[in-house]
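Colleague: quick check, what structure comes out for this input:
(one chain, ligands or ions: 2)
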Amino acid sequence: MKWKLKVYLTSSYYKRTVFSTVENYFIMNTPKAIIFDLDGVLTDTSEYHYQAWKHLADDEGIPFTQEENDAHLRGVGRRDSLMYLLKGRKVSEEQMQEMMGRKNRYYTELIKNMSPKEVVAGGVDLLKEIRQAGIKTAIASASRNTTTVLQRLEITSYFDGIADGNSVVNGKPAPDVFVFAAGIVNTSVVDCLGIEDANAGIEAIKAAGMMALGIGPKERFPKADKVMDNLENKNLQDLLA
Ligand code: BG6
Ligand code: MG
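Modeller: Ligands and ions are numbered 1, 2, ... in the order given. Predicted coordinates for the structure are as follows:
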């Protein structure tokens, strides 16, 4: 457990919370912006990404497991994911482009019938509550399918800014997409809380200088400031407490 001390200085919703760990000591005001990863946080598309990579791996006769996906591909962009999957096999740039395109066709087929029902339970209420509290909301996703997924889920209008796989050159764990998202919503990185289901994403958030909330098993996120199993039916106070 990383959280060694948690002191509520006031009981108000806008309380200041003191977070202390052995390595860090800092005070976080209620964030001015909350920056969400998309796949695996607001919806379970991470499972579809895995199925699409698995399909490609099977086509190519490459062994590939869900455990490997979680450890090496979760949150990671298309090219870096393929580089891992190839496991040292030598392929030309043309073959790489073809395989990335094929994986994306498998993935887009899987998300074709997505609907608002696939937003995490209580997700829309949480986004509304955050905005009503005067906190900005943004997306920082590695995916180039972000706009499509947000549209299928019918949640685009709940975000003040969207940064995705088309916004930056360096993917997670580089901080770029989170810094870009903070810029879109005109908020300093120190006033942002980033939320991620991938360790690569938590590393990106911490490298950006933000507070980091991990969604998933604790062991996945050695650097997260706080971890929750999932985002289901959570309210703003649950995220900040
Ligand atoms: C991330 C997913 O959000 O986006 C990864 O967690 C995925 O699994 C990455 O590889 C890139 O997505 P896309 O849609 O551009 O291939
Ligand atoms: Mg994710």
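
Colleague: what segments of this protein are helices?
Modeller: Secondary structure of the chain (DSSP state H): helices at 45-60, 66-68, 78-86, 93-111, 123-132, 146-153, 176-184, 199-207, 236-240.

Colleague: single out the most deeply packed of those.
Modeller: Stretch with highest mean neighbour count among these: helix 199-207 (a mean of 25; mean count of other C-beta atoms under 10 Å). For glycine as for every other residue, the C-beta is placed from the backbone atoms N, C-alpha and C.

Colleague: tilt between that one and helix 78-86?
Modeller: Angle between the axes of helix 199-207 and helix 78-86 is 140 degrees (criterion: axes from the mean of the first three to the mean of the last three C-alpha atoms, to 10 degrees).

Colleague: which strands and helices lie in contact with helix 199-207?
Modeller: helix 176-184, strand 192-196, strand 211-215 (3 or more C-beta pairs under 8 Å, 6 or more residues apart in numbering; DSSP states H and E).

Colleague: including mean pLDDT, could the ones you listed go into a markdown table?
Modeller: A markdown table is the format used below for these (pLDDT from 0 to 100):
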| stretch | mean pLDDT |
| --- | --- |
| helix 176-184 | 98 |
| strand 192-196 | 98 |
| strand 211-215 | 97 |
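
Colleague: between these, which gets nearest to residue 115?
Modeller: Minimum separation from residue 115 across the helices and strands packed on helix 199-207 (C-beta to C-beta) falls at strand 211-215, 21.6 Å.

Colleague: span of stretch 137-152 from start to end?
Modeller: Using C-alpha to C-alpha, to the nearest Å, the end-to-end distance of stretch 137-152 comes to 19 Å.

Colleague: anything in that stretch near ligand 2?
Modeller: No - on the criterion C-beta under 5 Å from the ion, stretch 137-152 is out of touch with ligand 2, staying 7.1 Å away.

Colleague: now that stretch, how far from the centre of its chain.
Modeller: Offset of stretch 137-152 from its chain centre (C-alpha atoms, centre = their mean, to the nearest Å): 10 Å.

Colleague: pLDDT on that stretch, on average?
Modeller: Averaged across stretch 137-152, the pLDDT comes to 98.

Colleague: same thing with stretch 231-239?
Modeller: Averaging pLDDT along stretch 231-239 gives 96.

Colleague: could you dump the helices of the chain to TSV with distance to residue 218?
Modeller: Conversion of the helices of the chain to TSV gives the following (distance: least, C-beta to C-beta, whole Å):
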stretch	distance to residue 218
helix 45-60	18
helix 66-68	17
helix 78-86	24
helix 93-111	29
helix 123-132	21
helix 146-153	27
helix 176-184	21
helix 199-207	11
helix 236-240	16
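
Colleague: let's have the ones you listed in CSV, adding distance to ligand 1.
Modeller: Below are these laid out as CSV (distance: least, C-beta to the nearest ligand atom, whole Å):
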stretch, distance to ligand 1
helix 45-60, 4
helix 66-68, 12
helix 78-86, 4
helix 93-111, 6
helix 123-132, 16
helix 146-153, 7
helix 176-184, 10
helix 199-207, 8
helix 236-240, 20
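
Colleague: closest one to residue 163 among those?
Modeller: helix 176-184 (3.9 Å).

Colleague: and that closest one, what does it pack onto?
Modeller: Applying 3+ C-beta pairs under 8 Å, 6+ apart, one finds that helix 176-184 makes contact with strand 33-36, strand 136-140, strand 161-163, strand 192-196, helix 199-207.

Colleague: the residue most central in space within the chain and residue 189: what is the separation?
Modeller: The structure's the chain has its C-alpha centroid closest to residue 37; by C-alpha atoms, centre = their mean the separation is 2.6 Å. Using C-beta to C-beta, to the nearest Å, residue 37 is found at 16 Å from residue 189.
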